[in-house]
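Engineer: Take a look and give me a structure for this.
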Amino acid sequence: MKLDRELYTITGLKICLIVLLLSPLVVSAQDSLVVQPATLCPERDLSDVIRSALNKPPKIKSEDAGSLILLPIIGSNPAIGFMVGVGGQYAFKMTEDTHYSLIAGSLQYTTKNQFLFLLKNNIYTRDNRIFFSGDWRFLIYSQSTYGLGTTAPEGGILDYQFSLAGAETSHDSLTQPMNFNLARLHQYIGFEIAENIYLGLGYNFDSYFKIVDKKLKLDPGDSLITSHYAYSTYYGFDTEKYFNSAFSVKFVIDKRDNMIQAYKGYYFSLNWQGGFKFTGNDRRSNLYQIEWRSYHGLSKRNPSHLISFWLMGNFAEEGTLPYMILPATAYDQTGRSARGYTQGRFRGNNMAYGEVEYRFPISQCGGLFGGVLFANATTANNPFLSLSLFESIKPAYGFGLRVKMDKNSRTNLAVDLAFGHQSMGFYLAVSETF
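Structural biologist: Residues are numbered from 1 along each chain as shown. Below you'll find the model as predicted:
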């Protein structure tokens, strides 16, 4: 098993290396193409193609005009049943010289009486003086957990796992399914202290309640202790409900030219969350978070041809946060980290994540279609097994198609297929992963 993990890690690292090595070759080929003048090859999005098919002229929009995109959500899997809903985003500018702002969310319902409401906001006020960022959720949901660390479960996954946008679609003998309700309110307000540099305060509230640990058995002679129950009882947390209420201080540098789809620049954030008894917690907690995103052009002629990097680190004191509130994969604001694995697949009080994505145009004229190749890696610790950060690393890789939905805001429809260790995932979303 250890040899298999090492071989899989080496394979993932090879894929990252291949992506990086092939990039200059593709760049050279791309730049050798004859580039049409803008008058002969204007930028087009999906609405332009539809209007052209209907023999209608392109719709002229000002650069600061808002863009609303709605998509139906339809799916089915054993964990949640048949699912219907709607998701979308609204991109807009306060003024022509202000950065693009974004409000995105979804509303979903399943035949297993599950309900999902998600809403996020990233808003710049006039002249970029104030920056708001929020993540609001209410879920009546079910999801499996696997234990702490990137070696969990210790026996490995027995059956091949498939996920649909992070929700597991099959079960194996080592998953630990749970039902729960989640109420989340994360909201930050930052004030510009220098050009594109912000310092601000936030409030973070996460409440898990009506927790049902479906595999837990406490009967004498027929007991099965789950990771959630063992962790909660060891550190003295309630096994059926808990919450964390914390204030935060966050420092942000945002030098991206566009948050929806950046062609250049970088984003850096440093965040501290402190939970105290006066905010309602049973104990004090500290969570430190760091994030970096950068975008590097590979073509002088086409700015959408680039390579991008995403790094995250989450570090909490041992035993201060309840199990489900510990740092975990795909619990970031977009919920799309660690493509190739289900949401919450890896968890620990310390977690680090890295991803590289190569983005390239497919359409030689108009830029309607594009593609991506990506590879990521996750590591999480487990203090019970003396597993340190970076001692075990789980990679994943994949590819995707991009369809330009709105050329002004650079909004794409993203379709991705990702492969992890005995795991895979299909993702359909509006806008880039990062």
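Engineer: which ones are touching the residue positioned nearest the centre of the chain?
Structural biologist: The centroid of the chain falls nearest to Arg336 when counting by C-alpha atoms, centre = their mean (2.4 Å). Residues counted as contacts of Arg336 (C-beta atoms under 8 Å, 6 or more residues apart in numbering) are Gly166, Ala330, Tyr427, Ala429, Thr433, Phe434. C-beta coordinates here come from the backbone N, C-alpha and C atoms, glycine included.
Engineer: ok, for the last one, nearest residue in space, not its chain neighbours?
Structural biologist: The shortest distance from Phe434 to any residue other than its chain neighbours is 4.5 Å, reached at Trp310 (C-beta to C-beta, 6 or more residues apart in numbering).
Engineer: Ala352 is in contact with that neighbour, correct?
Structural biologist: No. Trp310 lies out of contact with Ala352 (C-beta atoms under 8 Å); the separation is 11.7 Å.
Engineer: Now Leu428. Its backbone dihedrals?
Structural biologist: phi -130, psi 120 (degrees, to the nearest 10).
Engineer: That one and Met405: what is the separation?
Structural biologist: Using C-beta to C-beta, to the nearest Å, we find Leu428 at a distance of 13 Å from Met405.
Engineer: the more surrounded of the two?
Structural biologist: Met405 (21 against 15; other C-beta atoms under 10 Å).
Engineer: right, and that one touches Val49 too?
Structural biologist: No. Contact criterion C-beta under 8 Å: Met405 and Val49 do not qualify, at 10.8 Å.
Engineer: tell me the contacts of the residue nearest to Arg284 when sequence neighbours are not counted?
Structural biologist: Closest residue in space to Arg284, ignoring its immediate chain neighbours: Phe276 at 5.7 Å, by C-beta to C-beta, 6+ apart. Applying C-beta under 8 Å, 6+ apart to Phe276 gives the contacts Ala246, Phe247, Arg284.
Engineer: hmm, which of those residues are the buried ones?
Structural biologist: Listed as buried from those are Ala246; burial here means 16 or more other C-beta atoms under 10 Å.
Engineer: Could you save the contacts of Phe276 as TSV and add columns showing secondary structure and distance to Asn113?
Structural biologist: Formatted as TSV, those follow (DSSP: H, G, I helix; E, B strand; the rest coil; distance: C-beta to C-beta, whole Å):
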residue	secondary structure	distance to Asn113
Ala246	strand	31
Phe247	strand	35
Arg284	coil	37
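Engineer: Now distance to Leu70 and pLDDT too, for the contacts of Phe276, in a markdown table please.
Structural biologist: Below are the contacts of Phe276 laid out as a markdown table (distance: C-beta to C-beta, whole Å; pLDDT from 0 to 100):
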| residue | distance to Leu70 | pLDDT |
| --- | --- | --- |
| Ala246 | 33 | 97 |
| Phe247 | 35 | 96 |
| Arg284 | 43 | 95 |
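Engineer: Give me the longest strand you can find in the chain.
Structural biologist: strand 176-194 (DSSP state E).
Engineer: Report the buried residues of it.
Structural biologist: For strand 176-194, burial by neighbour count (16+ other C-beta under 10 Å) applies to Gln176, Pro177, Met178, Phe180, Leu182, Arg184, His186, Gln187, Tyr188, Ile189, Gly190, Glu192.
Engineer: give me the low-pLDDT residue ranges for this protein?
Structural biologist: Scanning the chain with the threshold set as pLDDT under 70 gives 1-40, 60-65, 76-80, 154-173.
Engineer: Find the residues that touch each one of Leu428 and Met405.
Structural biologist: The contact sets of Leu428 and Met405 overlap at Leu413 (C-beta under 8 Å, 6+ apart).
Engineer: Ends of stretch 359-378, what's the gap?
Structural biologist: End-to-end distance of stretch 359-378 (C-alpha to C-alpha, to the nearest Å): 21 Å.
Engineer: Would you indicate which residues of it are buried?
Structural biologist: Buried residues in stretch 359-378, counted by 16+ other C-beta under 10 Å: 359-361, 366-368, 370, 372-378.
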